[in-house]
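J.: Structure here, sequence nowhere to be found:
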């Protein structure tokens, strides 16, 4: 609809008490001033509609509504009156008043109870957070030792090998951290840390054995929680001693330096994994039910995690919390959002949208196939977050131009972007982590190179893409994409539908409100007449329609366009080259430097307006999500998943252990990555896989487990809206355009595709690495 034809119904709010429609605003004076019979109540008015001009069942944001059945859309939460049913209309005035009062009280008090509940969920961890010192402080009756260096030798214990606990220590549990200060190439001897000589129990209490070698992937730092418990009776560890001894061996070891540190923790640390699971479930409850925005849900969940860590006397320092945020991802998003925002000002997205519509000959499925193919292929060589940042604005503009609901198309694009990103080492962050890991720590194994990973994953993704494409066509079999109307008629129908919905909500108690309802009805009838005229005179061919669209969608500023494309090409080229050892620039730095170069070259002065194009809520969500996931890792939730997987693999029958291990790692990775961020999960699973492959009693080759982890962690991102970074970016960009993509909406498409894609990957892995033993 041309801008001059839009109307502003809310410029006289004192007269027209109504909600603002999404399509625009108008003043009452802009309506035709003709007079006709004014209805007594807008909600009782049944608008006459032309059968050939029946509005779409969805508005331009995909929100279902009905203009004649008397029911309101799901997002009409501001309306506090009853449904306009016949039973309600037959009520007396007093019955209507009582009914409306009850409905209002229910909505208001329901909202207040929700607010009070969420407020207490913030205040309780805030109190725990405020009452505990940062880790390294004494806490409540605790003691945190500074890091000390202990020389350990074979033979008789020396005084330097004892660590005394103060008599003021009031904790029953103590968490100990020990680190071998030796060169990585030297053999680390086995050590034993013993807790004994306490005031209450002078005898031995507990010992902890440190297996120095082999320990691939886990590094040289060990942690353990000592419990002052004898026969289920726990007591304070005041006055106890830690002693560090080296195992007797035929080899003569030089003295080994051990960095030793301890601090008291609460006895509730026994349930920290349970606490982590409850926090994660609570965050998902908030996101699924949409009680609050997903960004607020992640922020609240991350602070609850910090509160629980504080209650356990494990409150991390502020510098540690800041270090949990993956600033490379945040910088990548920030820089690319600025570049995309500048590129949008040139009109290239509208231009590309019309061209895509032209090449598809107006058929939606060829167009959708073209878009998801582009998304998958580009994501294989460029990270999928950047791909979605570039593709989402084009898709939204295209759908606005040709009158399509953008939601199913956006969902299909991001799903196939995650699938395509699995094919190479640079397409998805878990693959980058896998390639960067030192797999040579496993005896007899070499590091995994870019080409090797790409060959093994690309072959499997080829079959996954084919299977998921046919699944997508099946799931979209009842989705109506094609719009038989011309863009002009489609826009008029959409506008009528929006104003009909507005009219349904508008009361008509006062004289001004009745006059407004009458004028709004008049305006709707005028739109219907315009549709009739357009249908009778609109005989232009599809080619003529495209020609008109091309005239309207031209590049506005060629100088800005050329500068932006130049910078974007250089940035993408550096993305491909950043893995070269001599180039010490991460993806985040490349994106930020590209954005800075674009601002300097283009001479853009209005920085405030440009910053409005940055999706700050998405950036804040990622920051909170990183803190949440690292906090859950501190609570042991992620490592517990890895330990359970390792124990199950060791329990499999040796004859079928490889097959079951592939299946277990693949599906555990896929399901876990659907609900927790796949980056910390992949980082936690790599040491588990290294340990399993290093165990000669298990006898499982390394490579098949690595491919299973890569497939599961990447494909699992399609399971939920927050399973992959690209999903959150797409939802944030769509929300900026007024398109709401909820958790449930994404789940209905993404989770079934995740199941099918993981199943196809499982068949591929079993065929290649069990039946044919490819690569081992």
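T.: Looks like it came in fine. Computed from a predicted structure; not experimentally measured.
J.: Where does the prediction get shaky in the stretch 201-350 of the chain?
T.: Counting by pLDDT under 70, the stretch 201-350 of the chain contains low-confidence ranges at 201-204, 212-219, 231-232, 248-254.
J.: what mean pLDDT does the longest helix along the chain have?
T.: Using DSSP state H to define each element, the chain has its longest helix at helix 93-131. Averaged across helix 93-131, pLDDT comes to 79.
J.: Stretch 474-488 too?
T.: For stretch 474-488, mean pLDDT is 72.
J.: on that earlier part again, now the longest helix of the chain, how far from the centre of its chain.
T.: Relative to its chain's centre, helix 93-131 lies at 28 Å (CA atoms, centre = their mean, to the nearest Å).
J.: Give me the buried positions along the very next helix or strand once past it.
T.: Once the chain leaves helix 93-131, the next helix or strand it forms, by DSSP states H and E, is strand 148-152. Using 16 or more other CB atoms under 10 Å as the test for burial, strand 148-152 gives 150, 152. To be clear about C-beta, it is placed using only N, CA and C from the backbone, and glycine gets the same treatment.
J.: next SSE after strand 148-152?
T.: Proceeding C-terminally, strand 148-152 gives way to strand 162-164 as the next helix or strand, assigned by DSSP H and E.
J.: What strands line up against that next one, and which way round?
T.: Strand 162-164 has these partner strands in its sheet, going by DSSP bridges: strand 241-246 (antiparallel).
J.: now for the helix or strand just after the partner strand, which elements pack on it?
T.: Sequence-wise, the next helix or strand downstream of strand 241-246 (DSSP H and E) is strand 256-265. Under the contact definition 3 or more CB pairs under 8 Å, 6 or more residues apart in numbering; DSSP states H and E, strand 256-265 sits against strand 148-152, strand 173-180, strand 241-246.
J.: Now strand 256-265: buried residues?
T.: Residues of strand 256-265 classed as buried: 256, 258, 260-265 (neighbour count, 16+ other CB under 10 Å).
J.: residue contacts, residue 129?
T.: 303, 306-307, 310, 315 (CB atoms under 8 Å, 6 or more residues apart in numbering).
J.: State the three-state secondary structure for the spatially closest residue to it that is not a sequence neighbour.
T.: Excluding its sequence neighbours, the residue lying closest to residue 129 (CB to CB, 6 or more residues apart in numbering) is residue 310, at 4.6 Å. Here residue 310 is helix, with the state taken from DSSP: H, G, I helix; E, B strand; the rest coil.
J.: what's the neighbour count on residue 310?
T.: 24 (other CB atoms under 10 Å).
J.: One more: residue 103?
T.: Neighbours around residue 103, by other CB under 10 Å: 15.
J.: and stretch 466-473, how far from the chain's centre?
T.: 24 Å.
J.: Could you shift the numbering so residue one becomes 368, and keep it that way?
T.: OK, 368 is where the count begins now, so the last one is stretch 833-840.
J.: Can you tell me how far residue 772 is from residue 1106?
T.: 9 Å (CB to CB, to the nearest Å).
J.: Which elements pack onto whichever strand or helix holds residue 721?
T.: If you go by DSSP H and E, residue 721 is part of helix 715-726. For helix 715-726, the packing partners by 3+ CB pairs under 8 Å, 6+ apart come out as helix 731-748, helix 751-769, helix 909-919.
J.: picking up where we left off before, quick check, nearest of the contacts of residue 496 to residue 998?
T.: residue 673 (6.2 Å; CB to CB).
J.: rewinding a little: for residue 499, which of the helices and strands packed on helix 715-726 is the nearest?
T.: Nearest to residue 499 among these is helix 751-769 (36.2 Å), distances taken as CB to CB.
J.: Quick one: list the elements packing against the very next helix or strand once past that closest one.
T.: Next helix or strand after helix 751-769 toward the C-terminus (DSSP H and E): helix 773-788. Here helix 773-788 touches helix 731-748, helix 751-769, helix 817-842, helix 1069-1082, helix 1092-1103, helix 1110-1133, going by 3+ CB pairs under 8 Å, 6+ apart.
J.: what separates helix 773-788 from the chain centre, distance-wise?
T.: Per CA atoms, centre = their mean, the centroid offset for helix 773-788 relative to its chain is 14 Å.
J.: I'd like the average pLDDT over it.
T.: 93.
J.: ok, then the element right after it?
T.: Next element after helix 773-788 (DSSP H and E): helix 796-803.
J.: angle of that following helix against helix 1092-1103?
T.: Interaxial angle, helix 796-803 versus helix 1092-1103 (axes from the mean of the first three to the mean of the last three CA atoms, to 10 degrees): 150 degrees.
J.: Okay, buried residues for helix 796-803 please.
T.: Within helix 796-803, the residues that count as buried by 16+ other CB under 10 Å are 796-802.
J.: May I see those organised as CSV, with distance to residue 996 added?
T.: CSV is the format used below for the buried residues of helix 796-803 (distance: CB to CB, whole Å):
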residue, distance to residue 996
796, 13
797, 13
798, 18
799, 17
800, 14
801, 18
802, 21
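J.: For the stretch 418-567 of the chain, which residues score under the pLDDT cut-off?
T.: Across the stretch 418-567 of the chain (using pLDDT under 70), the flagged ranges come out as 418-456, 469, 472-477, 502-514, 521-527, 549-554.
J.: What residues does residue 725 make contact with?
T.: Listed by CB under 8 Å, 6+ apart, the contact set of residue 725 reads 913, 917.
J.: and if we set it to 7 Å?
T.: By CB atoms under 7 Å, 6 or more residues apart in numbering, the contact list for residue 725 reads residue 913.
J.: likewise residue 829?
T.: So residue 829 contacts nothing (CB under 7 Å, 6+ apart).
J.: Let me see the confidence value for it.
T.: What the model reports as pLDDT for residue 829 is 94.
J.: hang on, the earlier thing: which stretch among the helices and strands packed on helix 773-788 comes nearest residue 960?
T.: Nearest to residue 960 among the helices and strands packed on helix 773-788 is helix 751-769; the distance by CB to CB comes to 14.6 Å.
J.: what's the angle from that closest one to helix 1092-1103?
T.: Computed by the same axes, to 10 degrees, the angle separating helix 751-769 from helix 1092-1103 equals 30 degrees.
J.: Now do the buried residues in helix 751-769.
T.: Buried residues in helix 751-769, counted by 16+ other CB under 10 Å: 751-769.
J.: Which of the three states applies to residue 1088?
T.: Assignment for residue 1088 (three-state DSSP): coil.
J.: Do I have it right that it meets residue 1107?
T.: No: Residue 1088 is beyond contact range of residue 1107, at 11.7 Å (criterion: CB atoms under 7 Å).
J.: and residue 574, helix, strand or coil?
T.: Residue 574 - assigned by three-state DSSP - is strand.
J.: OK, contacts around it?
T.: Residue 574 touches 559-561, counting by CB under 7 Å, 6+ apart.
J.: For the buried ones among those residues, write the corresponding PyMOL selection.
T.: The command below creates a PyMOL selection of those among the contacts of residue 574 that count as buried (16+ other CB under 10 Å):
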select buried, resi 560+561
